[in-house]
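J.: What follows is a predicted structure for the sequence shown.
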Amino acid sequence: MPEVPSVFVDVALRPHEYARGWKSCSRGPVVGTFPMHFPAEIIHAAGALPVVIQDSAEPISVGHGSFYPFFCGYTRSVVDQASKGQFDFLDAIMFGDHCVQLLSAADVVRVRNPQLHVGFHQLIPALRDNWSFENAERTLRRCIEDIETQLSTTVHEEAVAASVRLFNENRRLIRELYDLRRTGAATVSGRDLQAVVKSSMVMDKAEHTELLRPYVAAVRHEAAGRPRGIPVFVSGHMCHAPKPELLDLIEDCGAVIVDDDLYTGYRAVSLDVDERGDPVKALVHWYIARNDAVPCPTRLDPKIDWDGWLLDHTRVAGARGLIVLLVKFCEPHYFYYPRIKTTFEEAGVPHLLLETEHDMSVLGNLRTRVEAFVEMLKRKEFAA
């Protein structure tokens, strides 16, 4: 299969370097955002580069003195980066989701970087209340006003509409890679697909899309079918990317990742924004409807069950089992996992829980567990 563009791999590994280079060349502002549902189109429409703040591969050191050790690795990494002065290229950071750990991280970022504007605009997590749309629209328009003030610019409706169209094209191209992989028409490794999605969260969207078009066309043209192995669905990692070495490990053990709901995966590209009418209202509809596309345990939505969605999509993808990647200390995922466990056990679909941490330097124990899981799936398939 065609190799993933090297720039995608490089940006996924070194996102700060790309953002600094972009700012130096374009002389434009760079605005950081946090996972998982922030509509970055409004930042792009302001002429700035929206960058999703990524987990750093560096060991957490300076940040230990500022943050609880029992908070998730992502928020501890964010605090560590802020404490080391690694956000010096940002003109602002925007928060849109509420998590106790993320909110605490925002406070530390403010203290460590007093010159950096940190805007917290909580989009309502209750999605089915009568006031959900009105509340979310009011918050989003205040966020736009905040961006205009901080960047000394005006965000025009036409610019938001243009950004929506560009972001939609990028999402559709990445979804095509997912469709090709899901149907078995092409082979795209977990590492490569992560590089594609993660780089899209950092790069200039027009530049990323320009490079993405020929890559997707090449994958489509040279589709060689799914490699031999046991197909599995990978779920979890709500805010940041699992270590690519972990994805490699799963595939090295004889599994083939055929689908996922990772944030640095299908969750990020699952739904387009309606390109008709008021683009701000369309972004609000997108924010609320995202939970129909891929349910999130941080949303309050009585009509959607993540566990049932996972079971259905595991079957649709032809996966023989589910591998759950649960970030240590991720409270929303901890609360929801028992429902996933019960649903899959009652349906007779095997699943494996792997708890991950920021420091994943030792993968030996996980390899043994994944090997045993894949072997069990092989025997189950043979017995059938």
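T.: That came through, no problem. Since the model is a prediction, treat every value here as computed from it, not as a measurement.

J.: My guess is residue 35 contacts residue 99. True?
T.: No - in terms of CB atoms under 8 Å, residue 35 does not count as a neighbour of residue 99; the distance is 9.1 Å. No exception for glycine: its C-beta is placed from N, CA and C like everyone else's.

J.: Return the residues in contact with the residue nearest in space to the middle of the chain.
T.: Closest residue to the average C-alpha location of the chain: residue 263 at 2.4 Å, with CA atoms, centre = their mean. Residues in contact with residue 263 (CB atoms under 8 Å, 6 or more residues apart in numbering) are 35, 36, 237, 238, 239, 240, 241.

J.: can you count the residues close to the first one?
T.: I take that to be residue 35. Residue 35 has 24 neighbouring residues, counting by other CB atoms under 10 Å.

J.: Help me confirm that it is found in a strand?
T.: No - with DSSP: H, G, I helix; E, B strand; the rest coil as the criterion, residue 35 is located in coil rather than a strand.

J.: And for it, nearest residue in space, chain neighbours not counted?
T.: Nearest residue to residue 35 in three dimensions, chain neighbours excluded: residue 239, at 4.1 Å (CB to CB, 6 or more residues apart in numbering).

J.: got the residue ranges for the helices in the stretch 251-384 of the chain?
T.: Along the stretch 251-384 of the chain, counting by DSSP state H, counting those that start in this stretch, helices occupy 266-269, 279-293, 306-316, 331-347, 364-383.

J.: now do the stretch 51-200 of the chain
T.: Taking DSSP H, counting those that start in this stretch to define them, one finds helices in the stretch 51-200 of the chain at 73-83, 100-112, 132-151, 157-182, 190-200.

J.: what angle separates the last one from helix 157-182?
T.: So the one you mean is helix 190-200. For helix 190-200 against helix 157-182, the angle between stretch directions is 180 degrees (axes from the mean of the first three to the mean of the last three CA atoms, to 10 degrees).

J.: Kindly export helix 190-200 (C-alpha atoms) in CSV.
T.: Extracted C-alpha coordinates of helix 190-200, given in CSV (Å, rounded to 0.1, in the frame of the first residue of the first chain):
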residue,chain,number,x,y,z
GLY,A,190,-3.3,1.8,13.0
ARG,A,191,-0.1,3.8,13.3
ASP,A,192,-0.5,5.3,9.8
LEU,A,193,-4.2,6.2,10.3
GLN,A,194,-3.3,7.8,13.6
ALA,A,195,-0.7,9.9,11.9
VAL,A,196,-3.2,11.1,9.3
VAL,A,197,-5.8,12.1,11.9
LYS,A,198,-3.4,13.6,14.5
SER,A,199,-1.6,15.7,11.9
SER,A,200,-5.0,17.0,10.7
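
J.: neighbouring contacts of the helix or strand just after that helix?
T.: Using DSSP states H and E, the helix or strand that follows helix 190-200 in sequence is helix 205-221. Helix 205-221 has contacts (CB under 8 Å, 6+ apart) with 1-2, 4-5, 7-8, 44, 163, 166-167, 169-170, 173-174, 176-177, 180, 186, 188, 196, 199-200.

J.: Look up how far residue 154 lies from residue 43.
T.: Remark: distance between residue 43 and residue 154 (CB to CB, to the nearest Å) = 14 Å.

J.: Oops, could you answer that again for residue 8 instead?
T.: 33 Å.

J.: lowest-confidence stretch among the helices of the stretch 51-200 of the chain?
T.: Lowest mean pLDDT within these: helix 100-112, at a mean of 90.

J.: List the buried residues in that helix.
T.: Residues of helix 100-112 classed as buried under the neighbour-count rule (16 or more other CB atoms under 10 Å) are 101, 102, 104, 105, 106, 108, 109, 112.

J.: quick check: angle from it to helix 73-83?
T.: 0 degrees.

J.: quick one: which of residue 43 and residue 154 has more around it?
T.: Taking neighbours as other CB under 10 Å, residue 43 and residue 154 compare with residue 43 leading, 26 against 11.

J.: The more buried one - nearest residue in space that isn't next to it in sequence?
T.: residue 50 (3.8 Å).

J.: pretty sure the one you found is in contact with residue 39, am I right?
T.: No - applying CB under 8 Å, one finds residue 50 not in contact with residue 39, separated by 9.3 Å.

J.: More neighbours: which of those two?
T.: residue 39 (28 against 25).

J.: tell me the contacts of the residue lying closest to the more buried one once chain neighbours are set aside?
T.: Closest residue to residue 39 apart from its sequence neighbours, by CB to CB, 6+ apart: residue 283 at 4.5 Å. For residue 283, the contacting residues are 39, 41, 42, 140, 160, 164, 273, by CB under 8 Å, 6+ apart.

J.: Tell me which two of those sit farthest apart.
T.: 140 and 164 (13.1 Å; CB to CB).

J.: Who has more neighbours out of the two?
T.: Using other CB under 10 Å as the criterion, residue 140 and residue 164 rank with residue 164 on top: 24 against 21.

J.: In space, what's closest to that one - neighbours in sequence excluded?
T.: Nearest non-adjacent residue to residue 164, counting by CB to CB, 6+ apart: residue 273, 4.7 Å away.

J.: how far does stretch 370-382 sit from the chain's center?
T.: Relative to the chain's own centre, stretch 370-382 is displaced by 29 Å; criterion: CA atoms, centre = their mean, to the nearest Å.

J.: List the buried residues for it?
T.: For stretch 370-382, burial by neighbour count (16+ other CB under 10 Å) applies to 370, 373, 374, 377.

J.: I'd like to know which of those is nearest to residue 74.
T.: The closest of the buried residues of stretch 370-382 to residue 74 turns out to be residue 370 (CB to CB; 22.6 Å).

J.: and that closest one, what pLDDT?
T.: pLDDT at residue 370 comes out at 97.

J.: and residue 300, how many neighbours?
T.: Neighbour tally, residue 300, other CB under 10 Å: 14.

J.: Give the closest residue to it in space, chain neighbours not counted.
T.: Going by CB to CB, 6+ apart, residue 300 has residue 126 as its nearest residue, at 4.2 Å.
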